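>>> requesting a structural model of the entry that follows:
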Amino acid sequence: MISRKFENNSNVTGKYIEKLRKAKHWSRATLSNKLMILGIDINYDGIYKIEKGRRIVKDFELSAIAKVLGVTETDLLSEFRKKLN
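Residues are numbered from 1 along each chain as shown. Below you'll find the predicted structure:
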């Protein structure tokens with residue numbers, strides 16, 4: 001069976017997203033609301049699952065999350081990219 005996970009996570013950005021969100025003192029609901037303004041519908045539970053690595057992050061979601069957090073998509077992937085080297 002082919003695994004669709006990396007280190008038992010469905011995404012590689014969740015922990016960093018959580019770190020950035022907490023640094024801004026935002027709740028998951030706040031992040032969700034900011035994404036909804038951009039037309040990206042990820043509810044509180046979806047944010048939780050992303051941060052815990054239990055949910056895949058689609059490319060357009062990653063881009064929107066980066067935008068509202070004030071970083072680039074590359075920034076969100078930086079820890080993973082280090083592991084590839």
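>>> doesn't residue 36 make contact with residue 64?
No - look at residue 64 against residue 36 with C-beta atoms under 8 Å: they stay out of range, at 9.9 Å. Any C-beta I mention is one placed from the backbone N, CA and C, and that applies to glycine too.
>>> more neighbours: the two, which one.
Using other C-beta atoms under 10 Å, the more surrounded residue of residue 64 and residue 36 is residue 64, with 21 against 13.
>>> excluding sequence neighbours, find me the nearest residue to the more buried one.
Of all residues not flanking residue 64 in the chain, residue 40 sits nearest, at 4.3 Å (C-beta to C-beta, 6 or more residues apart in numbering).
>>> just give me the neighbour total for that neighbour.
Here the number of neighbours of residue 40 (other C-beta under 10 Å) works out to 18.
>>> same check on residue 37?
Counted with other C-beta under 10 Å, residue 37 comes out at 9.
>>> got a pLDDT number for it?
Note for residue 37: predicted pLDDT of 97.
>>> same question, the one 10 residues further on
Looking at residue 47, its pLDDT is 98.
>>> surely it is in contact with residue 30?
No - counting by C-beta under 8 Å, residue 47 does not reach residue 30; the two are 9.5 Å apart.
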